[in-house]
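Chemist: structure for the following, please:
(chains A and B)
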2 protein chains.
Amino acid sequence: MSVDYRGLLLELFKAAVNAAAPALCVPPHLPSKPKGRTIVVGAGKAAAAMAAAVEVHWDGPLEGLVVTRYGHSVPCRSIEVVEASHPVPDEAGPRATRKILDKVSGLTADDLVLVLMSGGASALLSLPAGDIKLADKQAINRALLACGAGIAEMNTVRKHLSAIKGGRLAVAAAPAQVVTLAISDVPGDDISVIGSGPTVPDASTREEALAVLTKYGIAIPSAVAAHLSDPAAETPKPGDPRLVNTTHRLIATPQASLEAAAKVARDAGFATLILADAIEGEARDVGIVHAGIARHCGTWGQPAEIPCAVISGGETTVTMRGHGRGGRNAEFLLSFAIAADGKCGIWGLAADTDGIDGSEDNAGAVVTPDTLARARSAGIDCKARLADNDAYTVFAKLNDLVVTGPTHTNVNDFRVALITKRD
Amino acid sequence: MSVDYRGLLLELFKAAVNAAAPALCVPPHLPSKPKGRTIVVGAGKAAAAMAAAVEVHWDGPLEGLVVTRYGHSVPCRSIEVVEASHPVPDEAGPRATRKILDKVSGLTADDLVLVLMSGGASALLSLPAGDIKLADKQAINRALLACGAGIAEMNTVRKHLSAIKGGRLAVAAAPAQVVTLAISDVPGDDISVIGSGPTVPDASTREEALAVLTKYGIAIPSAVAAHLSDPAAETPKPGDPRLVNTTHRLIATPQASLEAAAKVARDAGFATLILADAIEGEARDVGIVHAGIARHCGTWGQPAEIPCAVISGGETTVTMRGHGRGGRNAEFLLSFAIAADGKCGIWGLAADTDGIDGSEDNAGAVVTPDTLARARSAGIDCKARLADNDAYTVFAKLNDLVVTGPTHTNVNDFRVALITKRD
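Modeler: Numbers count the residues shown, from 1 in each chain, chains lettered A, B, ... in the order given. From the prediction side, this is the model:
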């Protein structure tokens, strides 16, 4: 079998990104045209691209506003696109959030609110509830991150301090029909977690939010205390009649993107194994484990018989120890290459589906069976570069970066190992 | 399906250990009785148990000496059992090694030398070659570990500074027939790596050993320099006529133990997936990855459909950050339990097949779907315990330790996750 493995890796990545591309995944999920007005609102890294996809395929008048990350705008005709800061919010976020709430106010049951949600929405939609000051909300957020609170605990608090999260956007839009189209970048694809669920009923209570703050000894400003003791400020619960006209459609997920890539690999004659759609952990160690699994395929024909593609998604983390350049996918890959050690004809690609690996200009990179040999010839000490968190530099010098620019979507990382030889 | 999951986990571990138990895996591989004498020598954590198994099944007179780790003796009738220090050698190791070389000297082609090798043999067989001082050899070993030399580079040096490694034991025993029975605890099961291959021809050269020392700027004592420049001190190369009467049998491997466990799981109605036999990486991150894969089974029926057993072997590492108690398997499991988060009815077991997880008294531990809930009820903060490297304490308090005592074999770690529910 003579295969262009590098070309195939790039095809798999493209298939994964395309499965989550707003231009392709929004249209099939658009609802019918309403009798009344159609308001489009939304937030996230894909918000502008989703809005543009709606505009292309919508038959009728549209208005609205979406907020996206700086640099993630795409031109829209009728829907206003606002940029704001992510992951640390700036003033543009609350301002846009206020405008979104205004736009969905005063609607009737004949109107439709189309809500476009994607990764990053939570930081971009950051308007404090009631009289709570932005600085107080930010201080509490920082304290929650620092004290080791669980993600569920943090969400309980966030939803109760927000003017839009935890179903409040849907309450503001009632009695209009509310249809949410969501691109998931969260483990488990829980719709109430994406953007902290602005259109999703919230089972958590003010009392629970207060209990979390107390548990971790977090200072509670008076405006926060007042808000959390006001029954009228409670988030809408499951079964709330104001949300009866609310539906949600998950239009892109990490798993669907992995499946799309797996199909391309199968069509190319590879056995495929999807390990998981939400792999977490330190990037270099995740790389070692993936290399162990890949080498086992090449040595024992398990967990998949060669030639095979072992695929995974999720989001690793990088603990900075050095001073080099590189995102989590590059770091994963360099560690993967070292552990694979040129054995079993192993090729690999890891990249962020949003097109940006960390803060560099690449989406990810490619590993070839001779990555280590080529690095040696080029005088590169791969272990030393990994120790310095400098994986970007290695792959840049080897001309193995994958550069796409922002893809205007995000279903987290995409990783694939092609195992091509028995060793 | 009503299954005693905890009982099944323990059965799987038992199957993995039994597949490598000297009493069971030595007898089928014993060679025929020779015309002349039979000398049994060996080293490693399993050496005494292997010698005892030979004695039980051998028809004829036996003599010899094996060296094992302190506490790993079992009684033998005719074969002398010596204990020495591992992993840092003490004086007992070189003394026993000298005796082993004496015992195999002066044999004829009618005699048989049975060499019993297992994990730990390299440290236990630590006699310097020629006039090299033990202190010099130890200093070079420490320098190699500290400078980041690769494992192949370290082995090249070690074999050339040793009186017994790199095939020299087989040279000493020539012209006798030499049969090596080996229990593998090394990734790839390379017979030349187990105990640094005392009966295996060595493709590496004195010049290469010298080049490694020079590359890393390691000081070369004069006795070492003299030895490495003496052609008569070269290790035997592949094809060396002195090793023509030498054979090797791999009688137990990590993979064979994983397969034995997988069979028990299949017989109990579980789909099985062996991920890899040589998974490495930081224990807590390997735990997170395993949990991600287990949860994906429960959520998507991939990479295996539930109910399933996901099995792996290898040897993780623990970077000490805190002051608690626990080996790498306990640390893996606590991280695994936190990341599994009680989802998908996930059970888990991780244990060292040698019966000792790190420096504690347990082989490993068990995780149940309610591990986190039980810990909470008991007032245990699992994340804080993990941060303090204190996983042993958690599983001890929960009564979930797996205690076997030394098993007198070692095919590295055994891990299994049972995924029992769709979530």
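Chemist: who's in contact with the residue positioned nearest the centre of chain A?
Modeler: With distances taken as Cα atoms, centre = their mean, A:Asp185 lies nearest the centre of chain A, 3.2 Å away. Listed by Cβ atoms under 8 Å, 6 or more residues apart in numbering or on different chains, the contact set of A:Asp185 reads A:Ser118, A:Gly119, A:Ile194, A:Pro254, A:Glu315, A:Asn410, A:Val411, A:Asn412. (C-beta placed from N, C-alpha, C; glycine too.)
Chemist: in chain A, where is pLDDT below threshold?
Modeler: By pLDDT under 70, the low-scoring segments of chain A are A:1-2.
Chemist: can you list the residues of it near chain B?
Modeler: A:148, A:188, A:255, A:273-282, A:284-286, A:288-289, A:292-293, A:295-296, A:299-300, A:302-303, A:312, A:314, A:339, A:383-384 (Cβ under 8 Å from any Cβ of the partner chain).
Chemist: strands along chain A, start to end?
Modeler: For chain A, the strands defined by DSSP state E cover A:38-43, A:63-69, A:80-84, A:112-117, A:177-183, A:246-252, A:271-279, A:308-314, A:346-352, A:364-367, A:401-402, A:413-419.
Chemist: B:Ala226 is nearest to which of the ones you listed?
Modeler: Ranking the strands of chain A by proximity to B:Ala226 (Cβ to Cβ) places strand A:346-352 first, at 42.7 Å.
Chemist: relative to strand A:413-419, how tilted is the closest one?
Modeler: Going by axes from the mean of the first three to the mean of the last three Cα atoms, to 10 degrees, strand A:346-352 is angled at 170 degrees with respect to strand A:413-419.
Chemist: spatially nearest residue to the residue nearest to the centre of chain A (excluding sequence neighbours)?
Modeler: A:Gly119 (3.5 Å; Cβ to Cβ, 6 or more residues apart in numbering or on different chains).
Chemist: and what of A:Glu153?
Modeler: Nearest residue to A:Glu153 in three dimensions, chain neighbours excluded: A:Val212, at 4.6 Å (Cβ to Cβ, 6+ apart).
Chemist: tell me, how many residues neighbour that neighbour?
Modeler: 22 (other Cβ atoms under 10 Å in any protein chain shown).
Chemist: residue contacts, it?
Modeler: A:Leu144, A:Ala149, A:Glu153, A:Met154, A:Thr156, A:Val157.
Chemist: can you tell me how far the closest residue to A:Thr272 other than its chain neighbours sits from A:Phe270?
Modeler: Nearest non-adjacent residue to A:Thr272, counting by Cβ to Cβ, 6+ apart: A:Ala262, 4.2 Å away. Distance, A:Ala262 to A:Phe270, by Cβ to Cβ, to the nearest Å: 9 Å.
Chemist: shared neighbours, those two?
Modeler: Joint contacts of A:Ala262 and A:Phe270 (Cβ under 8 Å, 6+ apart) are A:Ala309.
Chemist: the more surrounded of these two?
Modeler: The neighbour comparison of A:Ala262 against A:Phe270 (other Cβ under 10 Å) goes to A:Phe270, with 25 against 22.
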